[in-house]
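Participant: Sequence first, then the predicted structure, then my questions.
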Amino acid sequence: MQAWFSQHRAALGSALRRLGASPLNTLLSLLVIGIALTLPGFGYVILDNLRDLGQSASGVQQISVFMQLEAGKKDVGEIESRLRQTASGKWRFVPKEEALKRMQASEGMAEIVASLPRNPLPDAFIVEPTNTDPQALEVLKKELSSWPKVAHVQLDSAWVKRFDAFLKLGKLALTLLAGLFAAGLVAVTFTTIRLQVMAQAAEIEVARMIGATDAFIRRPFYYFGALQGALGGLLAAGLVIGGLRLLAGPVADLAVLYGGSFALRVPAALEIGVLTSAGALLGWLGAQLSVSLSLRKFDHA
Amino acid sequence: MIVASQLSKRYPGGYEALADVSFEISAGQMVFITGHSGAGKTTLVKLIASIERPSGGSLVVNGQNLSALRRSALPYVRRHFGMVFQDQKLLFDRSALDNVLLPLQIVGFSRREAIRRAQAALDKVGLLSREKANPVALSGGEQQRLAIARAVVNRPTVLIADEPTGNLDSESATQVLEIFAEFHRVGVTVVVATHDQSWVDRYHPNVLRLDHGRLV
C-alpha cells in the first residue's frame, strides 16, 4: 500500500513538474481549455438566469378568471371556496367596481367610462399559481374554465410557451456547444500528451525494459491531463464569474427601466466544482486516449 | 536457475537471430556469451532479461517459464534482472542520482529509502561524489559504471550486461569488469555478452559461444 501511495505521489509530482517546466506552453494550453469550457459554462449560467427571470417576471404566470356579468356574491363565494381548495399559489379577488375605478384612472378613459350606462366589467380573480410549467398552467386554465359562472379564463400562455421553447432551444444549442468544446478539450490534451510521450521516449523505453508496468508509465500522463483539465475548468469558472460581474450593473439598470429588480446569479461552489471536475475528467480522457495510442510503439515483448 | 531449451528467435521479416539454443546457467555462475558481431548475443541477452520473447522453445528463469508468461506479468519478472545495455540507455535530462533512482521508483520505494539505496549503489561503483552530475558530464567509463549502479540498485538475482566494455578504453573496461567480478564473488549470477576474447581468458568464466544464432 505504501508503494502504491509512493508511486502516486511521484506521478503527481512528475505531472506538476511538467506543468511548471514550460510555463508559457502550460499557460497557453490552460487558456485554450479555459475558453473552451467558458463558453458552455457562461451559456449555462445565462440560461439559468433567464429561467429565473421568466419565473419572477410579474404577469407571466398570472391567470385572470372573469366571472359572468350576472354572477352574484354567492357565485363569487363558490369560486373563492374552490380556489381555496384547489389552487396552489396566491390569488386575489378584483370586484367589478374596483376594476371600473382602475379603468377610470387610466389616461383618456374617464370620459368614456362616464358615458357608459352601466358598469360593463365583470368580477374577476387574479391567480398566481406556484407551478409555472406551461403545461400545468394549461391544465389549470382548463379546470378554471369549467367552474360555474366563469365567463372567460385568460392566460398569457403564448408568451410563456414561446419563452419556454426559447429556453429549450437554448439548452439544446448549449448541449451541442458543450459537446463540441468537450471534444476540443480532449483533442488539446491528446496532442499535448502525445508530444510529451515523444519527448520522453527514452525514459519510457528504459523504464519498460527495467520492469515498469503500464500503469507506472501511464500514471504521470493521466495526472497531467486531469490537472491541466481541472486548472482549465477553474480558469473557466473565473472567466464566467468575471463576465457576470461585468454584466451585473447593466442588467440591474435594465431591470429598473422595466420597473423591476433583477440580480444576475453567479455560479455557486457546486457549479464551480462541476466545471472543474468536468475539465479534469475530459483531460484524463484525452490523456487516456493519447497514452494508449502513443505507447503502442514501445511494446517490444 | 536459467534453463534454455531449443530456444529460437525469429524477427518479423523472417530473420532468424537464434535457433535451437539450449543451455543451463546455475545460480551464482559467471557466464560470458561470446561470438562475432551478429552472432545473436544481444538477442539472447534480451530474451534472458525478458525484454523480448522467444519465437520457439522455452526459457525458464527461477522456475518461471518466460515463454508462457502473460504480457502483464513481464514487468515483475524484469525486476529480478539488472540490465546493463550496450548503449547504456542513460537519461541525459537528469542527474546521475536520478538515473539510479528510476528502478527504485518503479518498485515503489519511499523517496528517502530510494535515495539511501541509490547512493549506496553509486558508492559501490565509485560515483557517489558525482551523484549530482549530469551523465553527459561523465566519461565513458563513468557512464558505464553509472549504468551498472542503476542495474544493481534493486539488488537483482541476475546481472546481465550487453557489450559493457565495447566503447571503453582498456583501463575503464578493466574497472567495469572488476565490478562484475565483485558481484559474482558475492553470489550474484552474472551474464555478460562480449565479442572480446581477452576478457574470457582473463576471468575464466563459463562460456556460451554463439555463431550465426547457434550455440557452438
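Facilitator: Thanks, I have it. Numbering: from 1, shown residues only, chains lettered A, B, ... in the order given.

Participant: From now on I want contacts and neighbour counts done on CA atoms only, so please keep to that.
Facilitator: Noted.

Participant: ok and the residue in the stretch 1-150 of chain A nearest chain B?
Facilitator: residue A:3 (4.2 Å; C-alpha to the nearest C-alpha).

Participant: so that residue makes contact with residue B:109?
Facilitator: Yes: in this structure, residue A:3 is within contact of residue B:109 by C-alpha atoms under 8 Å, at 6.0 Å.

Participant: Need phi/psi at residue B:11.
Facilitator: phi -90, psi 160 (degrees, to the nearest 10).

Participant: Enumerate every residue touching the nearest residue to it once chain neighbours are set aside.
Facilitator: Taking C-alpha to C-alpha, 6 or more residues apart in numbering or on different chains, and ignoring the residues beside it in sequence, residue B:11 has residue B:17 as its nearest neighbour in space, at 7.3 Å. Residue B:17 makes contacts with B:8-11, B:39-40, B:43, B:212-213, as judged by C-alpha atoms under 8 Å, 6 or more residues apart in numbering or on different chains.

Participant: Pull out the buried positions in the lowest-mean-pLDDT helix or strand in chain B.
Facilitator: Lowest on mean pLDDT, DSSP states H and E among the helices and strands of chain B sits helix B:197-203, with a mean of 82. Of the residues in helix B:197-203, B:199-200 count as buried by neighbour count, 16 or more other C-alpha atoms under 10 Å in any protein chain shown.

Participant: Check which helix or strand the closest residue to residue A:288 other than its chain neighbours maps to.
Facilitator: What sits nearest to residue A:288 in space, not counting adjacent residues and going by C-alpha to C-alpha, 6+ apart, is residue A:222, at 6.5 Å. Using DSSP states H and E, residue A:222 falls within helix A:214-257.

Participant: for that helix, packing partners?
Facilitator: helix A:2-21, helix A:23-56, helix A:157-199, helix A:201-209, helix A:269-294 (3 or more C-alpha pairs under 8 Å, 6 or more residues apart in numbering or on different chains; DSSP states H and E).

Participant: does the third one come close to chain B?
Facilitator: Right, the one you point to is helix A:157-199. No: Helix A:157-199 does not reach chain B (C-alpha under 8 Å from any C-alpha of the partner chain); its nearest approach is 10.7 Å.

Participant: How about the contacts made by residue A:272?
Facilitator: Counting by C-alpha under 8 Å, 6+ apart, residue A:272 has contacts A:233-234, A:237.

Participant: same question but for residue B:194, I mixed them up
Facilitator: By C-alpha under 8 Å, 6+ apart, the neighbours of residue B:194 are B:32-35, B:41, B:162-166.

Participant: of the residues you listed, buried ones?
Facilitator: B:32-35, B:41, B:162-165.

Participant: Spit out the contact partners of the spatially most central residue of chain B.
Facilitator: Among the residues of chain B, the one closest to the centroid is residue B:160, at 2.3 Å (C-alpha atoms, centre = their mean). Applying C-alpha under 8 Å, 6+ apart to residue B:160 gives the contacts B:45, B:49, B:81-84, B:190-192.

Participant: Residues in a beta bridge with it, which ones?
Facilitator: Beta bridges link residue B:160 to residue B:83, residue B:191 when assigned by DSSP bridges.

Participant: Repeat that for residue B:3.
Facilitator: residue B:24, residue B:60.

Participant: pretty sure it is in contact with residue B:59, am I right?
Facilitator: Yes: in this structure, residue B:3 is within contact of residue B:59 by C-alpha under 8 Å, at 5.7 Å.

Participant: out of the two, which sits in the busier spot?
Facilitator: residue B:59 (27 against 19; other C-alpha atoms under 10 Å in any protein chain shown).

Participant: From chain A, how far off is the more buried one?
Facilitator: 14 Å (C-alpha to the nearest C-alpha, to the nearest Å).

Participant: what residues are up against that residue?
Facilitator: Here residue B:59 is in contact with B:2-5, B:7, B:48, B:65-67 (C-alpha under 8 Å, 6+ apart).

Participant: Now a PyMOL select for only the buried ones of the residues you listed.
Facilitator: Those of those that count as buried under 16+ other C-alpha under 10 Å are selected in PyMOL with:
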select buried, chain B and resi 2+3+4+5+7+48+66+67
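
Participant: So which one of the contacts of residue B:59 is the model least confident about?
Facilitator: Checked by pLDDT, the contacts of residue B:59 have residue B:67 as the lowest-scoring entry (85).

Participant: what about the residue nearest to that one when sequence neighbours are not counted, neighbour count?
Facilitator: Computed as C-alpha to C-alpha, 6+ apart, the closest residue to residue B:67 that is not its neighbour in sequence is residue B:58, at 5.7 Å. Residues within reach of residue B:58, counting by other C-alpha under 10 Å, total 20.

Participant: what do you get for the one 3 residues further on?
Facilitator: Residues near residue B:61, counting by other C-alpha under 10 Å, number 20.

Participant: nearest spatial neighbour of it, skipping sequence neighbours?
Facilitator: The nearest residue in space to residue B:61 (C-alpha to C-alpha, 6+ apart) is residue B:2, at 4.5 Å.

Participant: and residue 3, what does it touch?
Facilitator: Here I'm looking at chain A. Per C-alpha under 8 Å, 6+ apart, neighbours of residue A:3: B:107-110.

Participant: Wait, chain B was what I had in mind.
Facilitator: Residue B:3 neighbours (C-alpha under 8 Å, 6+ apart): B:22-25, B:59-61.

Participant: And residue B:86, by the same measure?
Facilitator: Counted by C-alpha under 8 Å, 6+ apart, residue B:86 has contacts B:161-164, B:166.

Participant: So it: helix, strand or coil?
Facilitator: Classification of residue B:86 using DSSP: H, G, I helix; E, B strand; the rest coil returns coil.

Participant: ditto for the one 4 residues further on
Facilitator: Here residue B:90 is coil, with the state taken from three-state DSSP.

Participant: repeat for residue B:8
Facilitator: Per three-state DSSP, residue B:8 ends up strand.

Participant: Name the nearest residue to it, ignoring sequence neighbours.
Facilitator: Using C-alpha to C-alpha, 6+ apart, the closest residue to residue B:8 is residue B:19 (4.3 Å).

Participant: Which secondary structure state is assigned to that neighbour?
Facilitator: strand.

Participant: Counting neighbours, what do you get for it?
Facilitator: 19.

Participant: Verify the contact between it and residue B:5 for me.
Facilitator: No: between residue B:19 and residue B:5 there is no contact under C-alpha under 8 Å: 10.4 Å.

Participant: Who are the contact partners of the residue lying closest to residue A:277 once chain neighbours are set aside?
Facilitator: Counting by C-alpha to C-alpha, 6+ apart, residue A:277 lies nearest to residue A:230, which is 6.2 Å off, once chain neighbours are set aside. Shown in contact with residue A:230 (C-alpha under 8 Å, 6+ apart): A:276-281, A:283.

Participant: List just the nearest of the residues you listed to chain B.
Facilitator: The shortest approach to chain B among these belongs to residue A:283, at 24.5 Å (C-alpha to the nearest C-alpha).

Participant: Now do residue B:69, the pLDDT please.
Facilitator: Per-residue pLDDT puts residue B:69 at 89.

Participant: Distance of it relative to residue A:295?
Facilitator: Distance of residue B:69 to residue A:295, given as C-alpha to C-alpha, to the nearest Å: 21 Å.

Participant: between the two, who's got more neighbours?
Facilitator: residue A:295 (18 against 13).

Participant: how close does that one sit to residue A:256?
Facilitator: 60 Å.

Participant: Just give me how far the biggest helix by length in chain B sits from the chain centre.
Facilitator: In chain B, assigned by DSSP state H, the helix with the most residues is helix B:170-185. Averaging C-alpha positions (C-alpha atoms, centre = their mean, to the nearest Å) puts helix B:170-185 13 Å from its chain's average.
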